[in-house]
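S.K.: Return a 3D structure for these sequence lines:
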Amino acid sequence: MTDIKAIAGQAEQVLEQVMQVEPTIAGIVGMFVPGIGIVQPEVLALAPILETALKAVAAGNNISLVDAAAQVAKHLLPGLPNSPILQG
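M.R.: As a prediction, this is how the structure comes out:
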């Protein structure tokens, strides 16, 4: 059986590596897809939040993958209280 903590840790590392080359990828894709500039700021804003959620799951802070997804949703949706896990 695969451990959720290990998957979250690996996903966090992959996300971190992808975000290092994201500006280059966005620049190349922007030559072919004119509207990519509209989406890029949201990707840059969402990445640290996802990374924090994955780190919380990987660290085993008594949070499941479903709870982590719920915390991200609460943090991003207007009108809901911000997640205390993702604020810090």
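S.K.: need the contact list for the closest residue to Ala47 other than its chain neighbours.
M.R.: Sequence neighbours aside, Met19 is the residue nearest to Ala47 in space, at 5.0 Å (criterion: CB to CB, 6 or more residues apart in numbering). Glycine gets a C-beta too; all of them are placed from N, C-alpha and C. Met19 makes contact with Leu44, Ala47, Glu51, according to CB atoms under 8 Å, 6 or more residues apart in numbering.
S.K.: Which pLDDT value goes with Val43?
M.R.: Note on Val43: pLDDT of 80.
S.K.: Check whether it really touches Glu22, as I assumed.
M.R.: Yes. Using CB atoms under 8 Å, Val43 is in contact with Glu22, at 6.8 Å.
S.K.: Measure how buried Thr52 is and give me the count.
M.R.: Counted with other CB atoms under 10 Å, residues neighbouring Thr52 total 20.
S.K.: quick one: what helix or strand has it in it?
M.R.: Per DSSP states H and E, Thr52 falls inside helix 36-59.
S.K.: how about that helix: buried residues?
M.R.: Ile36, Gln40, Ile49, Leu50, Glu51, Thr52, Ala53, Leu54, Lys55, Ala56, Val57, Ala58 (16 or more other CB atoms under 10 Å).
S.K.: And stretch 65-77, by the same measure?
M.R.: Burial within stretch 65-77, assessed by neighbour count using 16+ other CB under 10 Å, is assigned to Asp67, Ala68, Gln71, Val72, Lys74, His75.
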